[in-house]
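Novice: Pasted the sequence and its predicted model underneath.
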Amino acid sequence: LGALYDLSIYSFSRLASHPALGTNNCTISYPPASFGNNSLLKILFYLWRIRRDHAQRAFSATHGFWIMSQGITAVLAAKMLRIPSIVSLLGGDVVYFPTINYGSVRTVAHKKMITWCIKNADRVTVLTRFQEQVMKANGISREHVAIIPFGVNITQFSFRPHATSGRLEFIFIGNLNRVKDPYTAIRTFSLLTKNRDCHLTVVGSDTLAGVVQEYARSLNVYERIEWKGKVRHETIPSLLHSTDFLLLTSLFEGEAVVVMEAFACGVIVAGTRVGLLADVGDDDVTVESGDAIGLADKIDRLISQPERLQEMRVKNRKLAEDYSIEWTCSEFSRLYEEVVKK
């Protein structure tokens, strides 16, 4: 997008270094470190900063990624400058799971702010139909929502299905936290090990202080698991290329880009009906949240159907090609042109 537009990024937190951020027509601003996690101060600071920058180089539109607090800032700034705004919902923007303290709709006040933001943005995007349905189920409606999933670089994530022979290789990619529900993934894996030679690789930062590892010990599968922790994104393709199945057992996902990455590589994704899996996942390998027994049973049955596995791999690769990162950029570009011309 930076090759097509002048982009000014106003980030609410520090971004990891990436070559794309220092090239093209892109500038990045950060709030003062003294603000800490104070979202209100960041909103007020950026409203001032955006207005100042607009006077020097007029903006055509604002685009907020996440509602709280970026989307609210984008809509307020657009109203102040009398330009159009776009807001993208990326994850738990319109949900709340009180048992795990996840999601933005925590209070009546939060829901009112979120509803206001969605209704006052000129355009709203979501990642999946599943996410749009959840928004409606939570009493927040909006016409003409654009569904734009994040695609992947299909050259980097090349199609190289792992030859299923001997030991079965499973992988879990995601931070170890309660919304990702790694417990169901570990439980599913433990059930599969009872009749098969299996190995699991777990990738992601541990936010649960070793509790997941203890759970694996209690199921006697700790030694069958490689705990890699956080890895650089560049290493994900090679990990997927040596994998048979990706386990995605989250309680909620807006999309889960790792599913698209696995699709591109020819890895079968088995898991819960959330995010992209709810939209396009095969019934052969999807279950309701928490159903480790059902998931293990479906995987076990599918393993003995090599033709069906290959059919799924080819179908999923085609999906990744149709909705690549280039497609995603073209959809956002089309949206920008549309709101600017309005």
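Specialist: That came through fine.
Novice: Just the element for residue 319, please.
Specialist: Taking DSSP states H and E as the criterion, residue 319 maps to helix 306-322.
Novice: ok, residues contacting the next helix or strand after that helix?
Specialist: Once the chain leaves helix 306-322, the next helix or strand it forms, by DSSP H and E, is helix 325-341. For helix 325-341, the external contacting residues (C-beta atoms under 8 Å, 6 or more residues apart in numbering) are 1, 4-5, 60-61, 63, 84-86, 122-123, 125, 146, 148-154. Every C-beta, even on glycine, is put in place using the N, C-alpha and C of the backbone.
Novice: Quick one: list the elements packing against the helix holding residue 319.
Specialist: Judged by 3 or more C-beta pairs under 8 Å, 6 or more residues apart in numbering; DSSP states H and E, helix 306-322 is in contact with helix 257-265, strand 268-272, helix 292-303.
Novice: Which strands or helices does the shortest one pack on?
Specialist: Meaning strand 268-272. Going by 3+ C-beta pairs under 8 Å, 6+ apart, strand 268-272 lies up against helix 182-192, strand 245-248, helix 257-265, strand 286-287, helix 292-303, helix 306-322.
Novice: how big is the angle separating it from helix 306-322?
Specialist: Here the directions of strand 268-272 and helix 306-322 differ by 90 degrees (axes from the mean of the first three to the mean of the last three C-alpha atoms, to 10 degrees).
Novice: cool, the longest one as well?
Specialist: With the same axes, to 10 degrees as the basis, helix 292-303 and helix 306-322 are set at 100 degrees to each other.
Novice: Quick one: distance of helix 292-303 to the chain centre.
Specialist: Centroid displacement of helix 292-303 relative to its chain, using C-alpha atoms, centre = their mean, to the nearest Å, is 25 Å.
Novice: quick one: average confidence on that helix?
Specialist: Average pLDDT, helix 292-303: 96.
Novice: Just the buried positions in that helix, please.
Specialist: Across helix 292-303, burial judged by 16 or more other C-beta atoms under 10 Å covers 292, 295, 296, 298, 299, 302, 303.
Novice: Alpha carbons only: can I get that helix in PDB?
Specialist: Written as PDB, here are the backbone C-alpha positions of helix 292-303 (Å, rounded to 0.1, in the frame of the first residue of the first chain):
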ATOM      1  CA  ALA A 292     -10.800 -32.500  22.400                       C
ATOM      2  CA  ILE A 293     -12.400 -36.000  22.100                       C
ATOM      3  CA  GLY A 294     -14.400 -35.100  19.000                       C
ATOM      4  CA  LEU A 295     -11.300 -33.400  17.400                       C
ATOM      5  CA  ALA A 296      -9.000 -36.300  18.100                       C
ATOM      6  CA  ASP A 297     -11.600 -38.700  16.700                       C
ATOM      7  CA  LYS A 298     -12.000 -36.700  13.400                       C
ATOM      8  CA  ILE A 299      -8.300 -36.400  12.900                       C
ATOM      9  CA  ASP A 300      -7.800 -40.200  13.600                       C
ATOM     10  CA  ARG A 301     -10.400 -41.100  11.000                       C
ATOM     11  CA  LEU A 302      -9.000 -38.600   8.400                       C
ATOM     12  CA  ILE A 303      -5.500 -40.000   8.700                       C
END
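Novice: Contacts only, for residue 286.
Specialist: Counting by C-beta under 8 Å, 6+ apart, residue 286 touches 270, 271, 272, 273, 277, 278, 298.
Novice: for the second one, which residues make a bridge with it?
Specialist: Note on residue 271: beta-bridge partners by DSSP bridges are residue 248, residue 286.
Novice: Low-confidence ranges, the protein, go.
Specialist: Low-confidence segments of the chain (pLDDT under 70): 22-24, 165.
Novice: okay, which residue is most central for it?
Specialist: residue 256 (3.6 Å; C-alpha atoms, centre = their mean).
Novice: quick revisit: take the contacts of helix 325-341 and keep only those in strands.
Specialist: With strands taken from DSSP state E, the overlap with those comprises 63, 85, 86, 123, 125, 146.
Novice: Which two among those residues are spaced furthest apart?
Specialist: 85 and 146 (13.6 Å; C-beta to C-beta).
Novice: Go ahead and produce CSV holding the CA coordinates of stretch 247-259.
Specialist: Listed in CSV are the C-alpha atoms of stretch 247-259, where the atom choice follows Å, rounded to 0.1, in the frame of the first residue of the first chain:
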residue,chain,number,x,y,z
LEU,A,247,-4.0,-27.6,15.7
LEU,A,248,-6.0,-24.4,16.3
THR,A,249,-8.2,-24.7,19.3
SER,A,250,-9.0,-21.1,20.2
LEU,A,251,-12.2,-20.0,21.9
PHE,A,252,-12.4,-17.1,19.6
GLU,A,253,-10.5,-15.7,16.5
GLY,A,254,-11.2,-12.9,14.2
GLU,A,255,-9.4,-14.8,11.4
ALA,A,256,-6.2,-16.5,12.7
VAL,A,257,-3.8,-15.7,9.9
VAL,A,258,-1.8,-18.8,10.8
VAL,A,259,-4.7,-20.8,9.2
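Novice: buried set for it?
Specialist: Using 16+ other C-beta under 10 Å as the test for burial, stretch 247-259 gives 247-259.
Novice: Next: stretch 26-39.
Specialist: By 16+ other C-beta under 10 Å, the buried positions in stretch 26-39 come out as 26, 31, 39.
Novice: Next step: the residues you listed restricted to helices.
Specialist: Using DSSP state H, the members of these that fall in helices are residue 39.
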